[in-house]
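Undergrad: Structure for the following, please:
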Amino acid sequence: MPSARVVAVAPGSPAALAGVVAGDEILTVNGEAIRDVIQYQIQADDAEVELELRRGGLERVVAVAKEAGAPLGLELSSAVFDRVRTCDNHCPFCFIHQLPPGMRRSLSLKDDDYRLSFLYGNFTTLTRFTEADLERVVTERLSPLYVSIHATDPEVRTTLLRNRRGATSLRWLEALLDHGIEVHGQVVVCPGINDGAVLDDTMLGILDRFPSIATVGVVPLGVSDYNTEPEMRVHTRAEAVAVVDAIAGWQEVFLAVLGRRLVHLGDEYHLMAGRPFPPLETYDGCLQHENGIGMAATFTGEVTAALAGERVEATGTRSGFFAWVDGAPAEGFRAPRVRDGLAVRDARRRGVPVALLTGAYGRAVLEPLLPALSARAGAPVRCLEVENRWFGGNIGVTGLMTGPDILRTLAEVRPGERVLLPDVALSEDRFLDGSTVADLGFPVEVVATNGVALVEALA
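TA: Residues are numbered from 1 along each chain as shown. Here you go, the predicted model:
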C-alpha cells in the first residue's frame, strides 16, 4: 500500500495540535489509501480528518479537527506516493539524455505522468494515458494539463517520440478538450524533421482537431555537447527566420478563425532570427511564461514600468496547480529559489558600478535596457555574460548557468563592482551542478528574476 512520509509540520497547525510529527508515515486519510497529493488534498479538505499513521513500526489513528478547506499544515516527501509514471518514449531531442555528468540525480528522472503535469506544469506526451486516467482527470477536474504535441502527423510523431503509441495518443488530447479540460500544448522544433511543411501541417492539425486548446508554445530544441543524436542539430539563422515567419502567419489565421493567436514562439527564436520581440499584449497573457514564451517582453515591460515609477506586479509562477495543493513538495518551477530569503544587499547602493550575471540570451534582452538602468543606479551597469561551458552547444539561457561557469566568469569582475545574480539559476539555494552561492566565495547578491526586483536592487 502506498504511503506518504511527513517531512515537516507547521508549528501551531491543526496537524501539529493533533500530534503529527515529522517522520510519520500516512497510510490512509479518512480510511482511504492515497496515491498522490491530489487525492490527499481532496480528503484533507474535510473539517474532520482521520489519519492512519505509522511511527516507529507502530500504527495509530489521529483525528484532526479544523475548518473545512483549511490546510492540515503538513509537508510531504513527494507528490506521488505510488510509482511515478516514467516516460517510455525515446525522443532524440530529449534534454535529459544530454545532461553532463555531475548533475543532481533528481534531474535525471524522466516522467510522463499526468499528475505531475497538473501539479507542476510538466509536459506529458499522453502515450501512457489510459481510460481510467481520463475518468479521473474529468471527474476531479485536474486542469490545466500540459501536453507535448510536436507533430500531428501520426508517422512524424511516432518518429519523434520513437514510440508507436505516439501515432495514436493525441486522441486523449481530443478527449480532454471535449470534456472541457484546459490544456496547453508544446511543439519542440527539430530542423529537418518537424519544421517547414510539417510544422504547417501541425498548425493545421491543431486548428482542425484541437481548436479549443488554450495555448501552443513552439520552442527550439536545445543541443548540448553531450548530444549523441547526429540528426539533432542547432537551427541555422535562415531556419529560425522561417519558423518565426511561419508562426506569425499562423497567428493571423488563428486570430481570424478563433479570435485569439493561440500559438506563440519561444523567446530564443526571435534572438536566433535577429527579429524584435513582439509586443507584450500579443502574447495573450503569457500563459506559457515559464516555458520561455513572453519572458523577454514581460521583463522589459516590468523594467520600463518600474523605472517610470509605475506600480507593477512582479511576475510570479503561472503554470501548474501547486499553490493550491497542501503538502505537495516544491519541485521544478515550484521550488523556492533560495531558502532563507535573498542574499544581504551590498551596503554600497547608488553610485556603485554593477555587473549583471546573465546567459547569452539574457544579455540580448538586458543590453537595450542598460542606459536606463545605469541612470537609475547612478553608475555604469553592464552585463557579465556567463559562457555555458558546463552544457556547451547552443545552451544560453540564464536559468541553466552553473556554479563552475559563474565562478570562472567572476574573474572578470572589476574592482568595486557589485555583482547581481538572478535567482532563476538556483533551486533551493543550489545551482544545477549542486554547488551553492556560498561555494563561489564571492560577495554575489541574489536578486529575484523579474524587472521590478532588478530596478529595486539598483535604486
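Undergrad: List phi and psi for L421.
TA: In this entry, L421 is assigned phi and psi values of phi -120, psi 120 (degrees, to the nearest 10).
Undergrad: hang on, it packs against A448?
TA: No. The pair L421 and A448 fails to qualify as a contact (CB atoms under 8 Å) at a distance of 10.7 Å. No exception for glycine: its C-beta is placed from N, CA and C like everyone else's.
Undergrad: Would you mind listing the buried residues in the longest helix seen in the chain?
TA: The longest helix of the chain (DSSP state H) is helix 237-258. Of the residues in helix 237-258, those buried by neighbour count under the rule 16 or more other CB atoms under 10 Å are 239-244, 246-247, 250-251, 254.
Undergrad: Tell me where this structure has helices.
TA: Counting by DSSP H, the chain forms helices over residues 14-17, 37-44, 114-120, 131-140, 154-161, 170-178, 196-209, 237-258, 267-273, 295-307, 360-366, 370-377, 403-409, 451-458, given from the N-terminal end onward.
Undergrad: And the contacts of the fifth one?
TA: It refers to helix 154-161. By CB atoms under 8 Å, 6 or more residues apart in numbering, the residues outside helix 154-161 that reach it are 89-93, 125, 127, 149-151, 164, 166-168, 170, 190, 193-194, 198.
Undergrad: again, but for the shortest one
TA: Taking contacts as CB under 8 Å, 6+ apart, the residues outside helix 14-17 that touch it are 9-10, 49, 51, 64-66, 70-74.
Undergrad: Can I have the buried ones of the residues you listed as a PyMOL selection?
TA: Selecting the buried subset of the contacts of helix 14-17 in PyMOL, with 16+ other CB under 10 Å as the burial test, is done by:
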select buried, resi 9+49+51+64+66+71+72+73+74
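Undergrad: closest to L27 among the contacts of helix 14-17?
TA: L51 (8.3 Å; CB to CB).
Undergrad: which ones are touching the closest one?
TA: Counting by CB under 8 Å, 6+ apart, L51 touches 15, 18, 20, 26, 28-29, 61-64.
Undergrad: any weak-confidence spans in the stretch 201-350 of the chain?
TA: Within the stretch 201-350 of the chain, the stretches falling below the threshold (pLDDT under 70) are 316-324, 326-327, 330-337, 339-349.
Undergrad: mind running it again at 50?
TA: Counting by pLDDT under 50, the stretch 201-350 of the chain shows low-confidence ranges at 319, 321-322, 344.
Undergrad: residues near the residue lying closest to A364 once chain neighbours are set aside, how many?
TA: Sequence neighbours aside, L271 is the residue nearest to A364 in space, at 5.2 Å (criterion: CB to CB, 6 or more residues apart in numbering). Residues within reach of L271, counting by other CB atoms under 10 Å, total 19.
Undergrad: Drop anything exposed from the contacts of helix 154-161.
TA: The buried subset of the contacts of helix 154-161 - by 16+ other CB under 10 Å - is 89, 91-93, 125, 127, 149-151, 166-167, 170, 190, 193-194, 198.
Undergrad: Dump the buried residues of helix 237-258 to JSON lines, plus distance to E428.
TA: Formatted as JSON lines, the buried residues of helix 237-258 follow (distance: CB to CB, whole Å):
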{"residue": "E239", "distance to E428": "37"}
{"residue": "A240", "distance to E428": "34"}
{"residue": "V241", "distance to E428": "39"}
{"residue": "A242", "distance to E428": "40"}
{"residue": "V243", "distance to E428": "35"}
{"residue": "V244", "distance to E428": "36"}
{"residue": "A246", "distance to E428": "39"}
{"residue": "I247", "distance to E428": "35"}
{"residue": "W250", "distance to E428": "39"}
{"residue": "Q251", "distance to E428": "38"}
{"residue": "F254", "distance to E428": "39"}
